[in-house]
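> Next input, structure requested:
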Amino acid sequence: MFPVSMESFEAAVAQAIEAIPAEFQPYLEDIHFLVAEDSDLRLFGLYEGAGVLAETAVPPRITLFKDTHEHLANSWQELVAQIRLTMEHEVGHHFQMEEDEMPH
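You can find the predicted model right below:
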């Protein structure tokens with residue numbers, strides 16, 4: 001387990017968002033990115049939305065859960081790597097990718 005402050009976790013999440021390739025960034029502008037302390041279901045992340053092709057009044061959102069990431073990581077490098085993997089996975093849901101199509 002590698003506990004960090006919420007501020008540090010949020011900074012790592014922001015870096016993960018910035019690391020998404022530039023050609024995908026315009027499709028992420030309407031997503032609300034959130035951080036939560038923990039998930040009752042022990043999730044790493046959660047995508048809520050209809051996907052990039054759908055038009056809805058409710059903007060999509062991606063939530064990353066701090067506690068679950070901390071329990072998996074043994075170092076800052078592992079934590080950052082897992083945050084990036086989770087972010088890529090949840091963004092994949094936004095692009096309506098199936099689980100077997102996900103990068104991770």
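> what residues are up against residue 26?
Listed by Cβ atoms under 8 Å, 6 or more residues apart in numbering, the contact set of residue 26 is empty. Yep, even glycine has a C-beta here, placed from its N, CA and C like the rest.
> gap between it and residue 20?
11 Å (Cβ to Cβ, to the nearest Å).
> residue ranges with poor pLDDT in this protein?
51-57, 101-104 (pLDDT under 70).
> Start from the N-terminal end of it and give the helices.
With DSSP state H, the ranges of helices along the chain come out as 6-18, 66-72, 76-94.
> Make TSV out of these and add distance to residue 48.
Shown next, in TSV, are those (distance: least, Cβ to Cβ, whole Å):
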stretch	distance to residue 48
helix 6-18	16
helix 66-72	17
helix 76-94	9
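> distance of the spatially most central residue of the chain from residue 58?
Nearest residue to the geometric centre of the chain (Cα atoms, centre = their mean): residue 87, 3.0 Å. Distance of residue 87 to residue 58, given as Cβ to Cβ: 21 Å.
> So residue 28 versus residue 64, what's the distance?
Residue 28 is 14 Å from residue 64, by Cβ to Cβ.
> Compare these two and say which is more crowded by neighbours.
residue 64 (26 against 16; other Cβ atoms under 10 Å).
> show me the contacts for that one.
Taking Cβ under 8 Å, 6+ apart, we find residue 64 in contact with 9, 13, 33, 34, 35, 36, 44, 45, 83, 86, 87, 90.
> between those residues, which is closest to residue 72?
residue 44 (7.8 Å; Cβ to Cβ).
> was I right about the closest one contacting residue 87?
No: assessed by Cβ atoms under 8 Å, residue 44 is found out of contact with residue 87, at 9.6 Å.
> The residue lying closest to residue 64 once chain neighbours are set aside: how many residues sit nearby?
Counting by Cβ to Cβ, 6 or more residues apart in numbering, residue 45 is the residue found nearest to residue 64 once chain neighbours are left out, at 4.9 Å. By other Cβ under 10 Å, 23 other residues sit near residue 45.
> All set now, cheers.
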